[in-house]
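Novice: I'd like to go over a predicted model; first the sequence, then the structure.
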Amino acid sequence: MDVALILKVWFFFAEAALVTVEISALACLLGLAMGFLGALGKLSSYKVLHYPARVYVSAFRGTPCLIQLFVIYFGGPQIGLNLEPFAAGVLGLGLNIGAYMSESIRGGIIAVNEGQWDAARALGLRYMPTMRKVILPQAARLMIRPLGINTVALIKGSALVSAISVVELTYTAHRFISSTYKPFEMFTLSAFFYLVIITVVTRGINALDRRYAIGA
């Protein structure tokens, strides 16, 4: 292993790691928003909400994320959607992970005891106030672990945006391999930064899970 080369280029990988964190964080926020909408839509008895949610979840869970990124970035201009690589990456990753998060969120909501709905109705609460004030606070604890797994999967999957020229960790590794011809060192350095990011996120999720468990 060429340690001297790693010490020479590690700063470029650190900068790329920040891009990976940024795109993952933004995609996660979009995914959470889409996940809640998808979950509420699939739980709704209104067909105008239920069926679009089902189509969204099925379409994005049933097709490769890489293809979705290609459709958004390369195919988008044909329908007037002209996005920079970074924005296309956030949109593609966010919509993709949102479909998975919707099932995690829906599972957490369903797991709340039916008696909570009955009690809220007895107090005169409508659907949305019941969801916001009664169901979601209880379901949140059940969602932490599944949503955490989704978030880790998102960070790993963010490597796919290198295919649309987002200068993150994987793209940076490929760029230096083309000039140094040292794939082992470059991919190892890239993997190290991914490991650091995922370890920090995982510990944060575990801490949040323990905090909710204590308060339960």
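Specialist: Arrived safely, thanks for sending.
Novice: Output the lowest mean pLDDT helix or strand found in the chain.
Specialist: Every helix and strand of the chain was ranked by mean pLDDT, DSSP states H and E. The lowest is helix 114-122, at a mean of 76.
Novice: After that one, which helix or strand is next?
Specialist: The helix or strand immediately downstream of helix 114-122 is helix 127-130, counting by DSSP states H and E.
Novice: Distance from the helix or strand just after that next one to the middle of the chain?
Specialist: Once the chain leaves helix 127-130, the next helix or strand it forms, by DSSP H and E, is helix 136-157. Here helix 136-157 shows a centroid-to-chain-centroid distance of 9 Å under the convention Cα atoms, centre = their mean, to the nearest Å.
Novice: okay, and for this protein, where does confidence drop off?
Specialist: Applying pLDDT under 70 to the chain picks out residues 214-216.
Novice: Recalculate using a threshold of 80.
Specialist: For the chain, applying pLDDT under 80 flags the ranges 1-2, 113-118, 120-125, 127-129, 131-133, 212-216.
Novice: quick one on the thing from earlier: quick one: list the elements packing against the least confident helix or strand of the chain.
Specialist: helix 127-130 (3 or more Cβ pairs under 8 Å, 6 or more residues apart in numbering; DSSP states H and E). C-beta: built from backbone N, CA, C; applies to glycine.
Novice: Tell me the helix or strand right after the helix or strand where Leu18 lies.
Specialist: Using DSSP H and E, Leu18 maps to helix 3-43. Once the chain leaves helix 3-43, the next helix or strand it forms, by DSSP H and E, is helix 47-61.
Novice: Please report the distance of the residue sitting furthest away from the middle of the chain from Ile110.
Specialist: Centroid-distance maximum for the chain: Ala122 at 37.2 Å, with Cα atoms, centre = their mean. Note on Ala122: its distance to Ile110, by Cβ to Cβ, to the nearest Å, is 21 Å.
Novice: same deal with Leu5?
Specialist: Taken as Cβ to Cβ, the span from Leu5 to Ile110 is 52 Å.
Novice: Identify the residues contacting Ala111.
Specialist: Ala139, Leu142 (Cβ atoms under 8 Å, 6 or more residues apart in numbering).
Novice: Repeat the analysis, applying 10 Å as the threshold.
Specialist: When contacts are counted by Cβ atoms under 10 Å, 6 or more residues apart in numbering, Ala111 touches Gln138, Ala139, Arg141, Leu142, Met143.
Novice: Now those in CSV, please, with extra columns for neighbour count and distance to Leu208.
Specialist: Output for the contacts of Ala111, formatted as CSV (neighbours: other Cβ atoms under 10 Å; distance: Cβ to Cβ, whole Å):
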residue, neighbour count, distance to Leu208
Gln138, 15, 16
Ala139, 20, 15
Arg141, 17, 9
Leu142, 19, 13
Met143, 23, 11
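Novice: Among these, which one sits closest to Arg210?
Specialist: Nearest to Arg210 among the contacts of Ala111, counting by Cβ to Cβ, is Arg141 at 10.8 Å.
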